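K.L.:
this one's sequence-less:
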């Protein structure tokens with residue numbers, strides 16, 4: 001597959017994830033079917049559903065969380081739209097390193113708290129969605145490798 005194809009793929013999943021973040025912020029829910037909420041209730045409260053107080057707190061927490069996710073993925077979209085086509089290595093590194101940092105930290109903290117459902121429902125699908133991007137490294141150049149730039153300009 002070409003860099004253009006995978007750049008458009010990254011743009012599309014960035015917009016999809018941004019829309020999901022906005023959905024979380026507005027609705028206070030990760031999914032309309034309540035699967036994540038049920039798993040959360042079982043893992044932390046040994047109950048089939050969340051109490052109304054916990055559900056209310058979760059809905060509030062998802063407002064800034066979802067808004068932050070939406071903003072991040074819009075930023076990723078613009079990086080993919082403007083810096084990937086020019087093969088700027090910083091853009092590739094920014095997308096891959098920030099994703100891996102999130103994935104490792106979120107998965108570690110989820111495991112530490114026994115929230116394995118979050119790794120399964122959120123992190124693993126995100127990893128599969130981003131996986132093709134990891135293999136694009138060879139398409140990106142450092143600034144010194146780009147035409148019209150000398151090594152002195154890169155330092």
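P.N.:
Perfect, thanks for sending it. All values reported here derive from a predicted model rather than from experimental measurement. Numbering: from 1, shown residues only.
K.L.:
in which helix or strand does the spatially most central residue of the chain reside?
P.N.:
Nearest to the geometric centre of the chain sits residue 99, at 5.9 Å (Cα atoms, centre = their mean). Using DSSP states H and E, residue 99 maps to helix 89-112.
K.L.:
what of residue 31?
P.N.:
Counting by DSSP H and E, no helix or strand carries residue 31.
K.L.:
residue contacts, it?
P.N.:
Shown in contact with residue 31 (Cβ atoms under 8 Å, 6 or more residues apart in numbering): residue 37. Yep, even glycine has a C-beta here, placed from its N, CA and C like the rest.
K.L.:
gap between residue 32 and residue 61?
P.N.:
Distance of residue 32 to residue 61, computed by Cβ to Cβ, to the nearest Å: 18 Å.
K.L.:
try residue 42
P.N.:
Distance from residue 42 to residue 61, by Cβ to Cβ: 19 Å.
K.L.:
how about residue 10?
P.N.:
Using Cβ to Cβ, we find residue 10 at a distance of 28 Å from residue 61.
K.L.:
compare the two and say which is more crowded by neighbours.
P.N.:
residue 10 (22 against 12; other Cβ atoms under 10 Å).
K.L.:
and the pLDDT for the residue lying closest to that one once chain neighbours are set aside?
P.N.:
The spatially closest residue to residue 10, leaving aside those adjacent along the chain, is residue 80, at 4.3 Å (Cβ to Cβ, 6 or more residues apart in numbering). Looking at residue 80, its pLDDT stands at 97.
K.L.:
what is the neighbour count of residue 80?
P.N.:
By other Cβ under 10 Å, neighbour count at residue 80 equals 24.
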